[in-house]
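Chemist: Sequence first, predicted model second:
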Amino acid sequence: MKRIPLTVAAGFALVASFAVSAQSHAVKGHYRSDGTYVQPHHRSNANSTKLDNYSTQGNYNPYNGKSGTVDPYKPTQSNPYGSPYNQPRTQQRRSGYGY
């Protein structure tokens with residue numbers, strides 16, 4: 001009789017781990033161009049918003065147990081309006097001939 005709750009709990013944990021892994025991916029350790037080594041870590045998958053990144057305020061990183069601290073509405077050089085949504089990249093002007 002004790003096996004049923006244990007089996008249900010194990011199944012729930014398995015489903016929850018798939019939900020977390022579907023939203024992120026592992027990044028291998030690497031060296032930046034300035035020679036700084038970046039430790040291996042997990043990163044949320046890319047999409048059109050900054051509101052669901054682990055480092056964003058109000059979110060929780062399940063891999064290191066830390067809460068996010070980054071304000072998604074703060075203007076930056078690449079995002080001067082402070083929109084939490086990714087801005088479209090500027091298109092290079094094309095000629096009328098398709099190249």
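Modeler: That came in fine, so what should we check first? Residues are numbered from 1 along each chain as shown.

Chemist: For stretch 56-75, could you pull out the residues that count as buried?
Modeler: 56, 59, 61, 68, 72 (16 or more other Cβ atoms under 10 Å). Yep, even glycine has a C-beta here, placed from its N, CA and C like the rest.

Chemist: what are the bridge partners for the first one, then?
Modeler: For Thr56, the beta-bridge partners under DSSP bridges are Val70.

Chemist: doesn't Thr49 make contact with it?
Modeler: No: the pair Thr56 / Thr49 is not scored as a contact, 9.2 Å apart, by Cβ atoms under 8 Å.

Chemist: show me what contacts the closest residue to Pro40 other than its chain neighbours?
Modeler: Among residues not flanking Pro40 along the chain, Gly29 sits closest, at 4.4 Å (Cβ to Cβ, 6 or more residues apart in numbering). By Cβ atoms under 8 Å, 6 or more residues apart in numbering, the contact set of Gly29 is 37-40.

Chemist: Redo the residues you listed as TSV? Include distance to Ser24.
Modeler: TSV is the format used below for these (distance: Cβ to Cβ, whole Å):
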residue	distance to Ser24
Tyr37	21
Val38	16
Gln39	16
Pro40	13
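
Chemist: now, which of those residues sits nearest Gln23?
Modeler: Closest approach between the contacts of Gly29 and Gln23, by Cβ to Cβ: Pro40, at 17.9 Å.

Chemist: Identify the residues contacting Gln77.
Modeler: Per Cβ under 8 Å, 6+ apart, neighbours of Gln77: none.

Chemist: backbone phi and psi for it, please?
Modeler: phi -60, psi -40 (degrees, to the nearest 10).

Chemist: Strands of the chain, start to end?
Modeler: 24-27, 30-31, 37-38, 41-44 (DSSP state E).

Chemist: Tell me which of those strands sits most buried.
Modeler: Per residue and on average, the most neighbours among the strands of the chain fall to strand 41-44, with a mean of 15 (mean count of other Cβ atoms under 10 Å).

Chemist: quick one: average confidence on stretch 50-66?
Modeler: Averaged over stretch 50-66, pLDDT sits at 89.

Chemist: Return it as PDB; C-alpha atoms alone will do.
Modeler: C-alpha atoms of stretch 50-66 as PDB (Å, rounded to 0.1, in the frame of the first residue of the first chain):
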ATOM      1  CA  LYS A  50      13.100  38.600 -21.200                       C
ATOM      2  CA  LEU A  51      10.400  38.100 -18.600                       C
ATOM      3  CA  ASP A  52      11.000  34.300 -18.300                       C
ATOM      4  CA  ASN A  53      14.800  34.300 -18.000                       C
ATOM      5  CA  TYR A  54      16.200  32.900 -14.700                       C
ATOM      6  CA  SER A  55      18.000  36.100 -13.900                       C
ATOM      7  CA  THR A  56      14.900  38.300 -14.300                       C
ATOM      8  CA  GLN A  57      13.300  39.700 -11.100                       C
ATOM      9  CA  GLY A  58      10.400  37.500  -9.900                       C
ATOM     10  CA  ASN A  59      11.800  34.300 -11.300                       C
ATOM     11  CA  TYR A  60      13.700  31.500  -9.600                       C
ATOM     12  CA  ASN A  61      16.600  29.500 -11.000                       C
ATOM     13  CA  PRO A  62      15.900  25.800 -10.100                       C
ATOM     14  CA  TYR A  63      19.600  24.900 -10.800                       C
ATOM     15  CA  ASN A  64      21.300  27.200  -8.400                       C
ATOM     16  CA  GLY A  65      18.400  28.100  -6.000                       C
ATOM     17  CA  LYS A  66      18.800  31.900  -6.600                       C
END
